[in-house]
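Student: please work out how this folds:
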Amino acid sequence: MRDLIDRLAAWWTDWLYIHDLQRMEAEIMTYKLMKRLIENGLKKGNLDVEATLLKLDVFLMADRITPEEYQELVDLMNGGATNE
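Tutor: Numbers count the residues shown, from 1 in each chain. Purely as a prediction, here's the structure:
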């Protein structure tokens with residue numbers, strides 16, 4: 001019985017670890033993709049600031065990006081949008 005409990009505990013720990021890694025990977029990917037989207041939009045001059053800000057708001061509310069990443073992306077967007 002003890003062996004079964006140990007195996008279940010090990011499986012559960014592994015599952016939680018993998019789940020946490022996948023979540024962190026998704027969060028990092030969201031930030032990187034949005035940063036690239038903003039940089040390319042600013043470079044090409046076709047960034048829709050309002051639509052991008054709405055996406056960032058949703059990603060922040062869904063915990064796909066951190067408040068620090070959100071602020072950095074908004075600052076990046078506003079830094080480029082001041083030329084318009």
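
Student: check which helices and strands the one helix or strand Met34 maps to sits against.
Tutor: Here Met34 sits within helix 2-44, counting by DSSP states H and E. Other helices and strands packing on helix 2-44, by 3 or more C-beta pairs under 8 Å, 6 or more residues apart in numbering; DSSP states H and E, are helix 49-61, helix 67-81. C-betas here are computed from N, CA, C, even on glycine.

Student: so who does the residue lying closest to Leu37 once chain neighbours are set aside touch?
Tutor: Distances taken as C-beta to C-beta, 6 or more residues apart in numbering put Thr52 closest to Leu37, at 7.1 Å, once the chain neighbours are dropped. Listed by C-beta atoms under 8 Å, 6 or more residues apart in numbering, the contact set of Thr52 reads Met34, Leu37, Ile38, Gly41, Met77.

Student: low pLDDT regions in this protein?
Tutor: Within the chain, the ranges that satisfy pLDDT under 70 run 80-84.

Student: next one: stretch 69-76 to chain centre, how far?
Tutor: 12 Å (C-alpha atoms, centre = their mean, to the nearest Å).

Student: and the contacts of it?
Tutor: Outside of stretch 69-76, the residues within contact range by C-beta under 8 Å, 6+ apart are Tyr31, Met34, Lys35, Ile38, Glu39, Leu42, Leu53, Leu56, Phe59, Leu60, Ile65.
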